[in-house]
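A.B. asks: I need the structure of the sequence given here:
(one chain, ligands or ions: 1)
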Amino acid sequence: MKVLAESGFCPSTGIYHSKWVSPLLPQNPYLSLPSFLLSPLLPKTLHKPAFIDSTSGDSVTYGQLRSLTVTAACTLRALGVKRGDVVLIVSPNSLHFPLLVLGVMYIGAIFSTANPLHTRPELQAQIQDSNPILILTTQEHKPKLDGLISGLLIMVQTFMDDVLNHQPQHHTCKSSKVVISQGETAALMYSSGTTGKSKAVVCSHGNLIAMSCLLSHVWEAQAHGEACKDVYMCVVPLFHMFGLSIFVCGVLAVRSTVVIVQKYSIEEMLVAVEEYKVTRLPVVPPIIVQLVRLRNGAKGVELGSLKEVICSGAPLGKDYMECFSKCYPHVRLSQCYGLTETNGPITLCDGVSGRLHVSIGRLIPCLEAKIVEVQTGKLLPPLKYGELCVRGPPIMQGYFKNQEATSIAINEEGWLHTGDLCFIDTCGLVYILDRIKELIKYKAYQVAPAELEEVLLSHPQIDDAAVIPYPDEEAGEIPMACVVRSEASKLKEIEIINYVTTKVAPYKRVRKVVFLESIPRSPSGKILRRQLRALSTYQRLEISSRL
Ligand SMILES: CC(C)(COP(=O)(O)OP(=O)(O)OC[C@H]1O[C@@H](n2cnc3c(N)ncnc32)[C@H](O)[C@@H]1OP(=O)(O)O)[C@@H](O)C(=O)NCCC(=O)NCCSC(=O)/C=C/c1ccc(O)cc1
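C.D. replies: Numbers count the residues shown, from 1 in each chain. Okay, the predicted model is just below:
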């Protein structure tokens, strides 16, 4: 088997291999994510802050994180949470969030999250699917959850008060430590996948341990063994995989510090970057857009400590990349790419510079990729584009209780379909051209058209509907509804927008409507989304010619 050194492509198998030497992943089959991340702590790490709250300045050191994880685990046990039980967290970012993740996983329970902006019916659907025994939430979000669960509903603050009050007893808890195998489920993280409604991704301890090791391997190489000196800022949600993988798996593995921002605003972020001398800032494209606008608005932001801004979660326009580099010449802008289904980033820009930053980087160690021609299934060599499929240790176990969706996403050989149209160049750099999957990305949040179509069809005056992405400078894309009104209906755009608004989380709102005679469908009834997207392009041309 001959692998081409530059691209990592093997012509005889059609597989692309990571160019990184694979680090040895932990071989012990009985290892949990918390034990892997926190067991061996050097004396100098014990007193180093792992997490800092940007507003209050409160912090949790690595030593405290370890002991509080054990106490949180004991407190959960005392509440009746057992191995295999699901614990759902409905909370925005906070200093306690990572501790809750680790505490739940420490006793072999399963950690799950929901966006706190979800409506009561959206939360109810998720609760019915994962059946949590305990929900931890905040006062603000409690009313939406009251009565939805037969188990316990506890405030994060109350839970934390309990944890902090019981700390001295943690030795008794330690003695009852559970032996957890790498194959056990650690988390259920919801994702729309390539099609349909939200589904729970089953993440094993082994998946998350692999992600931690692989991120740490690349970051250490990039920082010449001094990755612990970096200070990260967390402005993206920890309840999604992008945030969770970077700020819990990656950062703890390299023993860096994370400054957590509870509620994002560009002003708060910039003040905190300066105050805490942040060096690496993972963001999503709308934040880059805001940073560029701010600089163009001549506000004096220097971001002197910042070395790298890492953008992911949705496509970043080339123009904005160029503007950003002009506005902030001392800051390297790089991209990375991953899915909830890959448990975090699977490509990283490891120091690429110049024009190459339009690439999403190279495959992380231990990852294999294929570029598959969509029509024929043929495997393609460098510079030819097709669907990116990936295989390796961080790839999910499957979708929870959903064999059908799992077998569509992952084939028998373990290849995950990403639903993204990509090519890999002769140097092994990966580029995304387009999305084959149905997803819409509003501010890098996933919006599943099928979910909004169901809401639209529930309106008595709507006969048929389809939802497609419509480009938007600030949000990346907005959901646009194509609607067929029932006969004699005079339903207006604003009425439809308001109707959907009452039923879904704010980021899923339909923000534009067009009325059609019919929705183009295949003979089997499938919406022909490409045709509709062409129509949306036509609409834009029409609008701009009228301006
Ligand atoms: C920081 C952002 C960019 C901006 O925040 P924002 O502008 O303050 O707004 P929000 O997003 O918090 O809120 C959305 C909407 O809800 C509204 N909202 C707010 N709270 C309220 C309220 N209490 N009442 C009613 N309305 C409200 C808010 O005003 C806003 O409305 P609008 O202005 O119309 O957009 C935020 O959108 C954000 O964090 N986006 C990132 C999302 C994200 O993490 N995506 C990744 C998903 S996981 C995944 O798919 C991939 C995994 C992955 C893995 C590895 C990788 O490398 C890459 C990816």
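A.B. asks: show me the chain divided up by domain.
C.D. replies: Here the domain parsing of the chain from automatic domain parsing is 9-403, 441-539.
A.B. asks: now mean neighbour count and mean pLDDT too, for those, in JSON lines please.
C.D. replies: All C-beta spots, glycine's among them, are computed from the backbone N, C-alpha and C. Shown next, in JSON lines, are the domains of the chain (neighbours: other CB atoms under 10 Å; pLDDT from 0 to 100):
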{"stretch": "domain 9-403", "mean neighbour count": "19", "mean pLDDT": "93"}
{"stretch": "domain 441-539", "mean neighbour count": "17", "mean pLDDT": "94"}
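A.B. asks: pipe these into TSV and attach distance to the ligand per row.
C.D. replies: Shown next, in TSV, are these (distance: least, CB to the nearest ligand atom, whole Å):
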stretch	distance to the ligand
domain 9-403	3
domain 441-539	3
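A.B. asks: quick one: which of the ones you listed is nearest Thr426?
C.D. replies: Checking those against Thr426 by CB to CB gives domain 9-403 as the closest, at 4.9 Å.
A.B. asks: now find how far off-centre that closest one is within its chain.
C.D. replies: Its chain's C-alpha centre and that of domain 9-403 lie 7 Å apart, by CA atoms, centre = their mean, to the nearest Å.
A.B. asks: just the endpoints, please. Distance across it?
C.D. replies: Start and end residues of domain 9-403 are separated by 32 Å (CA to CA, to the nearest Å).
A.B. asks: how about Leu65, what does it touch?
C.D. replies: Listed by CB atoms under 8 Å, 6 or more residues apart in numbering, the contact set of Leu65 reads 38, 50-51, 98-99, 102, 252.
A.B. asks: which ones among these lie within strands?
C.D. replies: Among those, the ones falling in strands (DSSP state E) are 50-51.
A.B. asks: so which of the contacts of Leu65 are in helices?
C.D. replies: Counting by DSSP state H, the contacts of Leu65 place 38, 98-99, 102, 252 in helices.
A.B. asks: quick one: end-to-end distance for stretch 84-103.
C.D. replies: Start to finish, the residues bounding stretch 84-103 are 13 Å apart (CA to CA).
A.B. asks: again with stretch 481-501
C.D. replies: Start-to-end, stretch 481-501 (CA to CA) is 13 Å.
A.B. asks: would you format the domains of the chain as CSV with distance to His417 included?
C.D. replies: Shown next, in CSV, are those (distance: least, CB to CB, whole Å):
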stretch, distance to His417
domain 9-403, 6
domain 441-539, 16
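A.B. asks: of those domains, which is nearest Asp434?
C.D. replies: Smallest distance to Asp434 across the domains of the chain (CB to CB): 8.6 Å, for domain 9-403.
A.B. asks: quick one: secondary structure of the residue of the chain most remote from its centre?
C.D. replies: Most distant residue from the mean C-alpha position of the chain: Ala488, 43.7 Å away (CA atoms, centre = their mean). When classified by DSSP: H, G, I helix; E, B strand; the rest coil, Ala488 comes out as coil.
A.B. asks: also Thr347?
C.D. replies: Per three-state DSSP, the local secondary structure of Thr347 is strand.
A.B. asks: what about the helices in the stretch 251-400 of the chain?
C.D. replies: 251-254, 266-276, 285-296, 318-327 (DSSP state H, counting those that start in this stretch).
A.B. asks: what's the second one packed up against?
C.D. replies: Read it as helix 266-276. Judged by 3 or more CB pairs under 8 Å, 6 or more residues apart in numbering; DSSP states H and E, the packing partners of helix 266-276 are strand 231-234, helix 285-296.
A.B. asks: what does that helix contact?
C.D. replies: Contacts to helix 266-276, defined as CB under 8 Å, 6+ apart, come from residues 52, 54-55, 231, 233, 235, 259, 261, 278, 281, 287, 290-291, 294, 301-306.
A.B. asks: can you give me the angle that helix makes with helix 285-296?
C.D. replies: Calculated by axes from the mean of the first three to the mean of the last three CA atoms, to 10 degrees, helix 266-276 forms an angle of 80 degrees with helix 285-296.
A.B. asks: quick revisit: columns distance to Gly313 on top of the helices and strands packed on helix 266-276, output as TSV?
C.D. replies: Putting those into TSV (distance: least, CB to CB, whole Å) gives the following:
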stretch	distance to Gly313
strand 231-234	13
helix 285-296	7
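A.B. asks: need the helices of the stretch 251-400 of the chain in a markdown table (columns: distance to Ile468).
C.D. replies: Listed next are the helices of the stretch 251-400 of the chain as a markdown table, based on distance: least, CB to CB, whole Å:
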| stretch | distance to Ile468 |
| --- | --- |
| helix 251-254 | 37 |
| helix 266-276 | 29 |
| helix 285-296 | 19 |
| helix 318-327 | 23 |
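A.B. asks: out of those helices, which comes closest to Gly525?
C.D. replies: helix 285-296 (34.2 Å).
A.B. asks: now the strands: where do they sit in the stretch 251-400 of the chain?
C.D. replies: Applying DSSP state E, counting those that start in this stretch to the stretch 251-400 of the chain gives strands spanning 257-260, 280-283, 308-311, 332-339, 344-348, 362-363, 368-372, 386-391, 398-399.
A.B. asks: put together JSON lines for the ones you listed, with distance to Val455 on each row.
C.D. replies: Formatted as JSON lines, those follow (distance: least, CB to CB, whole Å):
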{"stretch": "strand 257-260", "distance to Val455": "33"}
{"stretch": "strand 280-283", "distance to Val455": "30"}
{"stretch": "strand 308-311", "distance to Val455": "31"}
{"stretch": "strand 332-339", "distance to Val455": "25"}
{"stretch": "strand 344-348", "distance to Val455": "31"}
{"stretch": "strand 362-363", "distance to Val455": "38"}
{"stretch": "strand 368-372", "distance to Val455": "33"}
{"stretch": "strand 386-391", "distance to Val455": "29"}
{"stretch": "strand 398-399", "distance to Val455": "22"}
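A.B. asks: so for Lys508, which of those sits nearest?
C.D. replies: strand 332-339 (18.9 Å).
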